[in-house]
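Participant: I would like the atomic coordinates for the input below:
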Amino acid sequence: MNKSSLLFFFSGFLMLSACGGGSSSDDPVVTPPTPKPEPVTPADTTQNDNGNTPGVQTRGIVAFLPSLTAMTRATDTQFEAGDRIGVFAVKASADDNRAILANKGGNYADNVAYSYSGGKFTATNGIEIPGDAKLFYTAVYPYTSTAANVFTFDVNENQSTAAAYTASDLCTASTEATDAKEVELKFSHRLSKIIINLTGDGWTGNNISVKMRNVIATASVDLNSVTFVGVGSKKDIVCAPNGTRSYKVIVPPQVVGRGEKIVTVTMNGVEYSLDTQSELEWRSGKSYEYTLGLEKPNDTELVFFTGDINPWNVDERINDVVPEDIQGKMGPYIPIYRGNKPPHIEGTVFVNPFAAVYCEDQGNGGYAPGTVVNSSYIRFSNQNTTYNTIDIDQTNEDGTSTSTGAGAFISGTGDNFTAFFNTVGQTDGISTKTALVISGTKTSGGIQNLKYAFVMVDKGNDPNSRLMAKGVFRVFEDQDAMSEYVSWPGSMSRSAKKSDVSRLLTPFSLK
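Facilitator: Numbering: from 1, shown residues only. Sure, this is the predicted structure:
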């Protein structure tokens with residue numbers, strides 16, 4: 001879809017005003033200096049630990065710019081400060097078209113540790129670029145001290161924390177021969193991702209955990225053939241939370257036989273187990289989604305629904321709406337659900353009480369946590385399941401401010417969703433680009449845990465700091481955690497009160 005065709009009108013709901021101060025979009029950008037290579041002794045012509053030959057002229061230390069074919073980091077947006085990779089380098093000859101890694105010690109560089117900071121992977125004692133040849137690079141995430149052309153990788157048996165889940169996400173990247181000082185690494189997920197969604201009215205407990213049973217936890221890795229195969233004994237693996245009533249886990253590629261106990265859900269001390277009804281095959285780089293139903297609180301048997309088998313990908317369109325660095329800051333306050341199979345959420349919900357969760361500019365126009373603002377009706381309609389778009393209308397409780405927009409994007413998986421879009425306009429002659437993000441979990445009675453974020457993505461010259469600073473966000477929520485389905489207020493037709501995007505000053509009114 002061509003984004004320029006989207007039309008949005010938002011007024012009282014878009015909180016642009018500021019009380020003065022704030023950062024300026026004209027602040028200078030400071031680029032950290034390139035680390036200097038360690039001094040070497042000219043007479044020493046043996047290869048050092050980083051594969052560099054002291055005494056041979058080099059062109060500085062290489063840095064790496066990372067990307068993932070589908071972001072599924074702990075923040076679901078980007079690599080995090082402190083993440084480490086191991087990098088191998090092979091010198092290219094005239095007729096080479098790909099790198100073939102030798103045994104450890106036989107390459108130009110072997111498993112050199114690089115750390116992520118400031119948007120790139122760097123190392124003070126990193127790989128020096130030779131002056132006489134190009135290099136092929138192969139990288140492994142996370143850094144594994146035993147990594148080589150052939151090695152084994154173990155996933156964590158308890159992935160219930162974000163750190164443990166992320167550390168199980170084996171990714172690799174390789175490049176063409178290059179002599180660049182900054183090299184792009186396009187990582188791909190190499191294991192299998194399993195998503196377990198819980199559906200039905202039987203899941204009433206607050207203390208729920210999900211465990212995969214009898215699965216292989218070790219992968220045999222061959223970087224030259226790019227193969228990843230589950231090996232070794234079977235173990236139980238605790239899943240990570242993936243939003244409301246949804247769980248995820250990373251396992252090596254493998255085949256699970258028919259009739260094996262494969263998953264256990266524990267709720268309030270009661271265990272529900274499920275055996276496979278047929279053989280399951282989990283392949284490298286694929287995501288598998290399953291739904292487990294418990295229809296009534298007193299039921300004792302699970303209903304099993306086989307889900308989709310997809311490439312391990314997610315909906316990345318939100319990166320075009322909200323920059324990744326801002327998403328990283330928003331992460332603790334609003335979840336972003338990135339799957340390609342969002343639930344069907346058409347209908348009107350009433351958000352009451354509507355309260356501030358976190359305003360980055362608190363004290364400078366933003367609200368303190370817990371501040372209650374005007375309750376709001378939000379209507380979702382015209383959901384397109386092919387292109388994952390949806391229309392959104394919004395009005396406050398007394399109908400004095402109404403907004404409408406067509407063609408917002410929606411992503412998610414299971415019952416969890418995120419709807420998001422940009423608007424471009426002017427306020428008091430100041431150009432603005434803003435974003436709205438709404439996340440929640442669909443239930444039979446409404447939307448649970450609805451979160452609502454407003455972001456000042458960009459703005460023009462604002463010498464008096466009248467508007468929110470560039471990059472600032474505010475997050476609100478339904479304070480009782482349930483936005484019930486209701487009827488759209490009868491006096492509010494979709495075209496009755498379209499707001500003028502030039503009047504984007506009024507914040508949520510305080511009660």
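
Participant: Distance-wise, check residue 396 relative to residue 475.
Facilitator: 18 Å (C-beta to C-beta, to the nearest Å). Quick note: C-beta positions are derived from backbone N, CA and C, even for glycine.

Participant: where exactly do the helices run in the stretch 251-400 of the chain?
Facilitator: 318-321, 324-330 (DSSP state H, counting those that start in this stretch).

Participant: Run through who's touching the first one.
Facilitator: Going back to what we said before, that points to helix 318-321. 3, 71, 77, 327, 336, 338, 409, 411, 418, 420-422, 435, 437, 457 (C-beta atoms under 8 Å, 6 or more residues apart in numbering).

Participant: these two touch, right, residue 191 and residue 165?
Facilitator: No - Residue 191 lies out of contact with residue 165 (C-beta atoms under 8 Å); the separation is 11.6 Å.

Participant: all strands of the stretch 1-150 of the chain, in order?
Facilitator: All strands of the stretch 1-150 of the chain, identified by DSSP state E, counting those that start in this stretch, fall at 7-9, 58-61, 63-68, 84-91, 109-117, 120-122, 128-130, 135-141, 150-154.

Participant: Check what contacts the last one and list those residues.
Facilitator: Right, the one you point to is strand 150-154. Contacts of strand 150-154 (C-beta under 8 Å, 6+ apart): 144, 146, 170, 217-224, 231-232, 252.

Participant: Counting by contacts, list what the helix or strand just after it packs against.
Facilitator: Going down the chain from strand 150-154, the next helix or strand is helix 162-166, by DSSP states H and E. The criterion is 3 or more C-beta pairs under 8 Å, 6 or more residues apart in numbering; DSSP states H and E, and the helices and strands that helix 162-166 contacts are strand 240-241, strand 246-251.

Participant: pretty sure residue 225 belongs to a helix, no?
Facilitator: No - using DSSP: H, G, I helix; E, B strand; the rest coil, the secondary structure at residue 225 is coil, not a helix.

Participant: comparing the strands of the stretch 1-150 of the chain, which gets the lowest mean pLDDT score?
Facilitator: The weakest mean pLDDT among the strands of the stretch 1-150 of the chain belongs to strand 7-9, with a mean of 34.

Participant: Of all the helices of the stretch 251-400 of the chain, which one is nearest residue 385?
Facilitator: For residue 385, the closest of the helices of the stretch 251-400 of the chain is helix 318-321, at 18.0 Å, according to C-beta to C-beta.

Participant: Return the set of buried residues in that closest one.
Facilitator: 318, 321 (16 or more other C-beta atoms under 10 Å).

Participant: CA atoms only: put it into CSV for me.
Facilitator: Output of helix 318-321 as CSV, limited to C-alpha atoms (Å, rounded to 0.1, in the frame of the first residue of the first chain):
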residue,chain,number,x,y,z
ILE,A,318,6.0,-0.3,12.2
ASN,A,319,9.7,0.5,11.7
ASP,A,320,8.5,2.9,9.0
VAL,A,321,6.0,4.5,11.4
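
Participant: Can I get the contacts of strand 150-154 in a markdown table including distance to residue 352, pLDDT and neighbour count?
Facilitator: Formatted as a markdown table, the contacts of strand 150-154 follow (distance: C-beta to C-beta, whole Å; pLDDT from 0 to 100; neighbours: other C-beta atoms under 10 Å):
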| residue | distance to residue 352 | pLDDT | neighbour count |
| --- | --- | --- | --- |
| 144 | 50 | 96 | 19 |
| 146 | 55 | 96 | 10 |
| 170 | 45 | 94 | 24 |
| 217 | 46 | 97 | 23 |
| 218 | 51 | 98 | 17 |
| 219 | 49 | 97 | 26 |
| 220 | 55 | 97 | 16 |
| 221 | 52 | 96 | 24 |
| 222 | 57 | 95 | 13 |
| 223 | 55 | 94 | 22 |
| 224 | 60 | 91 | 14 |
| 231 | 54 | 96 | 12 |
| 232 | 53 | 94 | 13 |
| 252 | 47 | 97 | 27 |
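
Participant: In those, find the pair that's most separated.
Facilitator: 217 and 224 (23.7 Å).

Participant: Flag the helix or strand of this protein with the lowest per-element mean pLDDT.
Facilitator: Least confident element among the helices and strands of the chain, by mean pLDDT, DSSP states H and E: strand 7-9 (a mean of 34).

Participant: Fine by me, thanks again.
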